[in-house]
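>>> Fold the following and give me the result.
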Amino acid sequence: MAVLEIGINLGMKNLVEIKYYSSSDKVLDPNIRAKFLNGLENFINEVYGDEINVISLSSFEIVIYYEMVQLSKNKTNKAKPLLSYAIIERDTNHKFVTKHLQKIISKFLKKFDTNDLISKEPKYFKKFEPKIDKILGDLRFKIEDRIKSIFR
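Predicted structure coming up:
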């Protein structure tokens, strides 16, 4: 039960990406993943009027939580999804991970202005990574790594 990777995207723009295990390296390139998740979210919302929660792959699952963010004071501009995702092992509790993703998005929106989300490059958001690590706690470790840390 572990989070292998976690990230935050604004629409098709990847803002944060943290890999905890190299086994998630082959899942998707961050830019392709951002485009895929944004497109899938738009498709599900438009066609079914529903939201994506979990995408199941053969070896992993992707848990998704997003909030719509108004990027300018002009209400005629469409809001964009600020999407947090976690690539997890298949036996990890989705609802538990979703609660963590909600907290991450909430703290992220308190820390960064919407202008930052549009104008800044991903390296600007690196300073938020320790906050994500703190929110996830030991959820970012596989069981065998948790056990090893006890006996060190």
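>>> State the pLDDT value of the closest residue to K80 other than its chain neighbours.
Here the nearest residue to K80 in space, its sequence neighbours aside, is G11; by Cβ to Cβ, 6 or more residues apart in numbering that works out to 4.3 Å. From N, CA and C alone the C-beta is placed, and that goes for glycine too. Here the pLDDT value assigned to G11 is 86.
>>> For stretch 79-98, the averaged confidence score.
Rounded mean pLDDT across stretch 79-98 is 88.
>>> Quote the end-to-end distance of it.
For stretch 79-98, the first-to-last residue distance is 22 Å (Cα to Cα, to the nearest Å).
>>> can you pull the buried residues of the helix or strand where I64 lies?
Here I64 sits within strand 60-69, counting by DSSP states H and E. Burial within strand 60-69, assessed by neighbour count using 16 or more other Cβ atoms under 10 Å, is assigned to F60, E61, I62, V63, I64, Y65, Y66, V69.
>>> Same check on stretch 84-102?
Neighbour-count burial for stretch 84-102, counted by 16+ other Cβ under 10 Å, picks out S84, Y85, A86, I87, I88, E89, T92, V97, T98, H100, L101.
>>> ok, of those residues, which one's closest to E5?
Within the buried residues of stretch 84-102, proximity to E5 (Cβ to Cβ) peaks at I87, which comes in at 4.2 Å.
>>> and the residue nearest to that closest one when sequence neighbours are not counted, what are its bridge partners?
Leaving out its chain neighbours, the residue that sits closest to I87 by Cβ to Cβ, 6+ apart is E5, at 4.2 Å. Each beta-bridge partner of E5 is listed here: K19, I87, as defined by DSSP bridges.
>>> Just give the number of residues close to E5.
By the criterion of other Cβ atoms under 10 Å, E5 has 24 neighbours.
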